[in-house]
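**Q** Got a sequence here, can you model it:
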Amino acid sequence: MECPAITCPKQAISEAATAIAEGKNEAASEILSRLAQVANVKGTSQQRLTAYMTSALRSRVSPVEYPPPVSELHTKEHHFSTHKLYEASPCFKLGFMAANLAILHAVSDQRFCKLHVIDFDIGDGGRYLHLLYALAARKPENPTVLKITTFADVPGGDQQLRAVEEELQKQAQTAGVCLSINVMPCSDIELSRERLSVDPDEALVVNFAFNLYKLPDENVATENRRDELLRRVKALSPTVVTVVEQELNGNTAPFVARVNEACGYYGALFDSLDVTIPRENNFRVRIEEGLGRKMGNSIACEGRDRVERCEVLGKWRARLSMAGFTAMPMSQQIPDSLRSKLNSGTRGNPGFTITEQVRGIGFGWMGQTLAVTSAWR
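**A** A predicted model of the protein is given here:
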């Protein structure tokens, strides 16, 4: 008998995941073959999602024939696609801006003219352009000084960071901000104010923007680098710590729940990209290929091979509280300012949402929160 055509890909994806979890790989493969007939990486957002989810599940069923992405998540191409996603999606751009505004709010009443930001992954530096011009807008009596300390923990990373520094220096000169960037050799150094060259008159800020979810925790290794880094940062007594993370339960959720969570999350993200960047755009293709690698790693891999282990805000609140942090209330001016920016322009950004959560601000698409920013002391 001919198998019926698939009319609801998300339901079929969930059925395939259930079959895999029950050890029924033959049944799962049959569903995946039918899903492949309606999948298309160049089609609608649903067809694109179906294509990447099908590929991820195939890697779970037949890892030898379809190797899941592990090392690919550490390549230059993956980093490039990730940063292009941050540029293209208002959810992630606004998440960075919310962190910058939380930093400014935390230091505004302490009259610091010197700001020292510790950032474990500065990326392409774009997230700091907003901070540079926001600092310049304050117009203090003395020129604002911004120092950024970041880390080069991959081969050739320091050279790439120098290029980022050169571009940020140009922007800082235009804004009228004194900027210095210190690149340290490895993020595993012993953290101390002395080693980080923190001056007494500097407001110390630690910025975790899409960084913590890549660190292994207690589910992967006994050393639990995720919580250990939070404790070491707390020992620095920073003025404020900002956290920006994807709102995705991709760490401890059981396999089927993890698949359903990924399907809903990335489905919303694919839909949102339709209104921000044309489907045929080369950057859009590379962004979605990067998202495909993320899905493949989250669904097909376990243990240390599962590199990206995202968590929801409630879990981050628990981790930060256990490390000794206290949540800082987000000023009402922050979401108001971001809504104004979101709705600016001739068309605005219909479909994108900004929601005030418990000690955090969420950014999403059509009711699905994709990123959350929170601040801690």
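**Q** And Leu342, its phi and psi?
**A** Main-chain torsions, Leu342, degrees, to the nearest 10: phi -60, psi -40.
**Q** Skip the chain neighbours and tell me the closest residue to it.
**A** Once flanking residues are discounted, Leu342 sits nearest to Asn349: 5.2 Å by CB to CB, 6 or more residues apart in numbering. Every residue, glycine included, has its C-beta placed from N, CA and C.
**Q** Gly267 too?
**A** Leu49 (5.1 Å).
**Q** Count the neighbours of that neighbour for me.
**A** Leu49: 28 surrounding residues under other CB atoms under 10 Å.
**Q** Next: the one 5 residues further on.
**A** When neighbours are counted by other CB under 10 Å, Thr54 registers 23.
**Q** swap in the one 5 residues further on?
**A** For Ser59, the count of nearby residues is 21 (other CB under 10 Å).
**Q** cool, and Ser192?
**A** Look at Ser192: counted by other CB under 10 Å, it has 11 neighbours.
**Q** Please apply the same query to Ala257.
**A** Applying other CB under 10 Å, we find 15 residues neighbouring Ala257.
**Q** By mean pLDDT, point me to the weakest helix or strand of the protein.
**A** Ranked by mean pLDDT, DSSP states H and E, the weakest helix or strand in the chain is helix 157-175, scoring a mean of 85.
**Q** about what we covered before: from what I can see the residue nearest to Gly267 touches Ser272, true?
**A** No - taking contacts as CB atoms under 8 Å, Leu49 lies outside contact range of Ser272: 11.8 Å.
**Q** Just the helices from the chain, written as ranges.
**A** Secondary structure of the chain (DSSP state H): helices at 9-21, 25-38, 45-61, 76-88, 90-107, 127-138, 157-175, 225-234, 255-273, 282-300, 313-322, 333-342.
**Q** what's the closest of the ones you listed to Val358?
**A** Comparison of these against Val358 by CB to CB identifies helix 313-322 as nearest, at 7.7 Å.
**Q** just to revisit the earlier point, could you tell me the model confidence score at the residue nearest to Gly267?
**A** pLDDT for Leu49: 97.
**Q** Please list all residues in contact with it.
**A** Counting by CB atoms under 8 Å, 6 or more residues apart in numbering, Leu49 makes contact with Pro9, Cys263, Tyr266, Gly267, Phe270.
**Q** so the third one touches Arg293, yeah?
**A** Looking back up the chat, that one is Tyr266. No - counting by CB under 8 Å, Tyr266 stays clear of Arg293, with 11.6 Å between them.
**Q** Identify all contacting residues around stretch 286-295.
**A** 41, 48, 51-53, 55-56, 69, 72-73, 77-78, 80-82, 84-85, 88, 262, 266, 269-270, 273, 277, 308.
**Q** swap in stretch 12-26?
**A** By CB under 8 Å, 6+ apart, stretch 12-26 touches 6, 27-28, 31-32, 34-35, 50, 53-54, 57, 60-61, 254-256, 259-260, 263, 299.
**Q** same deal with stretch 256-273?
**A** Residues from elsewhere that reach stretch 256-273, judged by CB under 8 Å, 6+ apart: 10, 13-14, 17-18, 21, 45-46, 48-49, 52-53, 56-57, 88-91, 246-250, 253, 284, 287-288, 291, 294-295, 298-299, 351-352, 364-366, 368, 370.
**Q** Kindly supply the PyMOL command isolating those of those residues that are buried.
**A** This is how PyMOL selects the buried members of the contacts of stretch 256-273, with burial counted by 16 or more other CB atoms under 10 Å:
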select buried, resi 10+13+14+17+18+45+46+48+49+52+53+56+57+88+89+90+91+246+247+248+249+250+253+284+287+288+291+294+295+298+299+351+352+364+365+368+370
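**Q** Okay, now the unreliable bits of the stretch 201-350 of the chain?
**A** For the stretch 201-350 of the chain, the stretches with pLDDT under 70 are 345-348.
**Q** try 90
**A** Within the stretch 201-350 of the chain, the segments meeting pLDDT under 90 span 201, 221-223, 279-280, 329-331, 341-350.
**Q** show me the contacts for Leu248.
**A** So Leu248 contacts Glu261, Ala262, Tyr265, Cys310, Glu311, Val312 (CB under 8 Å, 6+ apart).
**Q** go on, Ala106?
**A** So Ala106 contacts Ala203, Val205, Thr239, Val240, Met328, Ala375, Arg377 (CB under 8 Å, 6+ apart).
**Q** What is the nearest of those residues to Glu167?
**A** Val205 (21.0 Å).
**Q** Run a quick check on the closest one versus Ile118, I expect a contact.
**A** Yes - judged on CB under 8 Å, Val205 makes contact with Ile118 at a distance of 7.0 Å.
**Q** Now do the shared contacts for the two.
**A** Common neighbours of Val205 and Ile118 (CB under 8 Å, 6+ apart) are Pro238.
**Q** Pick out whichever of the two has more residues nearby.
**A** Set Val205 next to Ile118 and count neighbours by other CB under 10 Å: Val205 wins out with 27 against 24.
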